[in-house]
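In: Test case, fold it:
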Amino acid sequence: MVRQLGVTGSTRAFSMGGSMGGSMGGLMLLLVLVAQISQAVVDKPGQWVPQTHGEVWPRPKVLRPQADVHVLRPEAFRFQITSSHIHGPCDILDTAIERFLGRIFPSASPNQLSSGGGHLPALHTAEIVMNNRRGCKEKLPHMDMDEHYEVKVNAPDEPNKARIIAFSVWGILRGMETFSQLVYTTTGSRGASKYLINGTQILDAPRFTHRGILIDTSRHFIAKSVIRDNLDLMEMNKFNVFHWHMTDDPSFPYVSKKFPKLSQNGAFDGKLGVYTQDDVAEIIEYARVRGIRVVSEFDTPGHTQSFEAGQPGLLTECYSPAGEKSGHGPMNPTREALYHFIKELFGEIVQVFPDKYLHLGGDEVDFNCWRSNPEVVAFMEKRNISGQFGRLESLYVERLLDIVASFPTNNGYIVWQEVFDNNVTLKNDTIVHVWKDRTGWGEEMARVTGSGLRGILSSPWYLNYISYGADWRKYYEVEPLDFTAAAQEKALVIGGEACMWGEYVNSNNLTPRLWPRASAVAERLWSPAEDAAARLLRGADQRPRLLWN
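Out: Modelled structure (predicted):
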């Protein structure tokens, strides 16, 4: 998806080391702040963007603020689940309470905190209310999970009380995040801080069901700790999909039990640069309790150079004009052994990754190698499709979809837009991921939805592109439904993803490059559509939240 950057197989040489380091990350954070104050006049020292006192990000659907203020004391405040008798035990809520208390009250030395709130009333409890006996029955987040919630702080009908209300545990998580953002600090004359919260009523629900972040772990190995950090940041921005682009040409870091040589020979390091199935399970669990789906991508038939070292014979041999072998290209769709391998590998993948959807890739298949291979040419002649390499790709993808459809896990699938563009016969429940043309993507979305298929948008949200100056505004001002189509077709756009491809990103600089720039995408996918200009400045509170946590 970003091969136009010109990075070749030499990526392997610096895969485990630092590239462009933490200094670039610090610079990006500074540039984002500059973007937020681009129209302001800086004429005095101190904070350039005033604190907004509990501004919520992404913007809620309905927010009714009040002037009343309550104080929260870290030693006295608690979350209280008042609906356990209805829905029973809930491990996701139990872990969330500790996490959000830490988020509301970041560690500070005692002499930095005020012991009281002066004349302000204290808020001691935030009730968690889930009046639905099935609210905790769903153990895994899913495409259609209910994320709507209500937050009430000192509401007219419930003075001096706080409640987080939802019908599902996923809604409660989103409500707890919003509540944590409503809490802010002020510093008194003696330098001590107080935790405050304004009276507020919020009714909220996401605009799109699929709100994702793509992280590429093939071009550079990304440490589990960094993935976990980014899952925390995703939760803080109400993203709900971690698109794990696991493998690509440079490396195969997934440890397959059926094909262990794939990672032994195809990863940057067969021991240090891999994710075992236990590692994957750990990441999935970390994401699960935050209401985040983990959607795996094992891209085929292109972007598969890393397969060859551990499983020789899957790829097409390329030939020079002189008839000499010149390396390998995409998988060879003429060989039945390939489909046996695919069935075994993906049969394992659907057991390791429990989400209903698999991202099957299918992008940027280089036809030149197929064109040079006598075996492929003869195969195509026999089937009367000579020269129609898009049709050859279709034969492979259709076999792949049939294989995935045959699994008892009843998976759905996502494919990159080339699969659709090449007229592959797709099943009705296929989701098309649009990534090409950062400015003219609307025509592609119109074609996808016009065919009755669901779409995911990423074209304008490739955050791996870095340019001088701030880019927050251009990401924020994207309207995902800004294309010509009927209302029922636009309804087939299920959301979008911000993508962080890994040519120049590793464990050292991934997080500062991704955040808080991805926060702009988060609000476009969660909040109601409107002119967003005013919100660019009001996002000032979100940046320090992300840095602190």
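
In: just the strands in the stretch 151-300 of the chain please.
Out: According to DSSP state E, counting those that start in this stretch, the stretch 151-300 of the chain carries its strands in the segments 158-165, 184-187, 193-204, 210-216, 241-247, 293-300.

In: what's the burial count for the closest residue to Met331 other than its chain neighbours?
Out: Among residues not flanking Met331 along the chain, Pro301 sits closest, at 3.8 Å (CB to CB, 6 or more residues apart in numbering). For every residue, glycine as well, the C-beta is placed using N, CA and C. Pro301 has 26 neighbours, counted by other CB atoms under 10 Å.

In: cool, Thr200 as well?
Out: Using other CB under 10 Å, Thr200 is surrounded by 22 other residues.

In: I'd say it and Ala162 touch.
Out: No. Counting by CB atoms under 8 Å, Thr200 sits too far from Ala162 to count as a contact (9.1 Å).

In: Between the two, which contacts overlap?
Out: Common neighbours of Thr200 and Ala162, using CB atoms under 8 Å, 6 or more residues apart in numbering, are 151-154.

In: which among those gets closest to Phe379?
Out: Val151 (60.7 Å; CB to CB).

In: Check the gap between the closest residue to Asp482 other than its chain neighbours and Val448 for me.
Out: Excluding the flanking residues, the one nearest Asp482 by CB to CB, 6+ apart is Gly442, at 6.0 Å. Distance, Gly442 to Val448, by CB to CB, to the nearest Å: 11 Å.

In: Who has more neighbours out of those two?
Out: Val448 (27 against 19).

In: what's near enough to touch the more buried one?
Out: So Val448 contacts 417, 420, 432, 434, 454-455, 492 (CB under 8 Å, 6+ apart).

In: Could you single out the nearest of the residues you listed to Ala470?
Out: Val434 (25.2 Å).

In: List the residues that contact the closest one.
Out: Contact partners of Val434, counting by CB under 8 Å, 6+ apart, are 417, 441, 444-445, 448, 455-459.

In: which one of these sits closest to Met236?
Out: Ser458 (21.0 Å).

In: Just list the residues touching that closest one, thanks.
Out: Applying CB under 8 Å, 6+ apart, the residues contacting Ser458 are 214, 433-435, 496-499.

In: re the thing from before, same list, the strands of the stretch 151-300 of the chain, but as a markdown table with mean pLDDT please.
Out: Listed next are these as a markdown table, based on pLDDT from 0 to 100:
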| stretch | mean pLDDT |
| --- | --- |
| strand 158-165 | 94 |
| strand 184-187 | 86 |
| strand 193-204 | 94 |
| strand 210-216 | 98 |
| strand 241-247 | 98 |
| strand 293-300 | 98 |
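
In: What is the burial count for the closest residue in space to Leu72 that isn't next to it in sequence?
Out: Counting by CB to CB, 6+ apart, Tyr195 is the residue found nearest to Leu72 once chain neighbours are left out, at 4.3 Å. By other CB under 10 Å, 21 other residues sit near Tyr195.

In: contacting residues for Tyr195?
Out: The contact partners of Tyr195, by CB under 8 Å, 6+ apart, come to 71-74, 104-105, 183-185.

In: again, but for Val129
Out: The neighbours of Val129, taking CB under 8 Å, 6+ apart as the test, are 82-83, 163-166.

In: Nearest to the spatial middle of this protein, which residue is it?
Out: Nearest to the mean C-alpha position of the chain, by CA atoms, centre = their mean, lies Ile213 at 1.9 Å.

In: my guess is that residue meets Glu235, correct?
Out: No. Look at Ile213 against Glu235 with CB under 8 Å: they stay out of range, at 11.0 Å.

In: The nearest residue to Lys261 once chain neighbours are set aside - how many residues pack around it?
Out: Spatially, and ignoring its direct neighbours in sequence, Lys261 is nearest to Gly310 (3.8 Å; CB to CB, 6+ apart). Applying other CB under 10 Å, we find 19 residues neighbouring Gly310.

In: Quick check, pLDDT for Gly310.
Out: Among the per-residue scores, Gly310 holds a pLDDT of 96.

In: I'd assumed Gln264 was in contact with it.
Out: Yes. Under the criterion of CB under 8 Å, Gly310 makes contact with Gln264 at 6.3 Å.

In: dump the residue contacts of Gly171.
Out: With contacts defined as CB under 8 Å, 6+ apart, the neighbours of Gly171 are 130, 146-149.

In: actually Arg383, not the one I wrote
Out: Leu395.

In: and if you look at the one 4 residues further on?
Out: Taking CB under 8 Å, 6+ apart as the criterion, Gly387 is in contact with Met380.

In: Surely it is within a helix?
Out: No. Going by DSSP: H, G, I helix; E, B strand; the rest coil, the assignment for Gly387 is coil, not a helix.

In: quick one: it and Val376, what's the gap?
Out: According to CB to CB, Gly387 stands 11 Å off from Val376.

In: which residues in the stretch 301-450 of the chain form strands?
Out: Under DSSP E, counting those that start in this stretch, the stretch 301-450 of the chain gives strands at 315-319, 325-331, 357-361, 412-416, 431-434.

In: Show me what counts as buried in the longest one.
Out: Along strand 325-331, these residues count as buried under the neighbour rule (16 or more other CB atoms under 10 Å): 328-331.

In: Next: stretch 453-472.
Out: Within stretch 453-472, the residues scored as buried using 16+ other CB under 10 Å are 453-464, 470-472.

In: Count the neighbours of Asp429 for me.
Out: Quick note: Asp429 (other CB under 10 Å) scores 12 neighbours.
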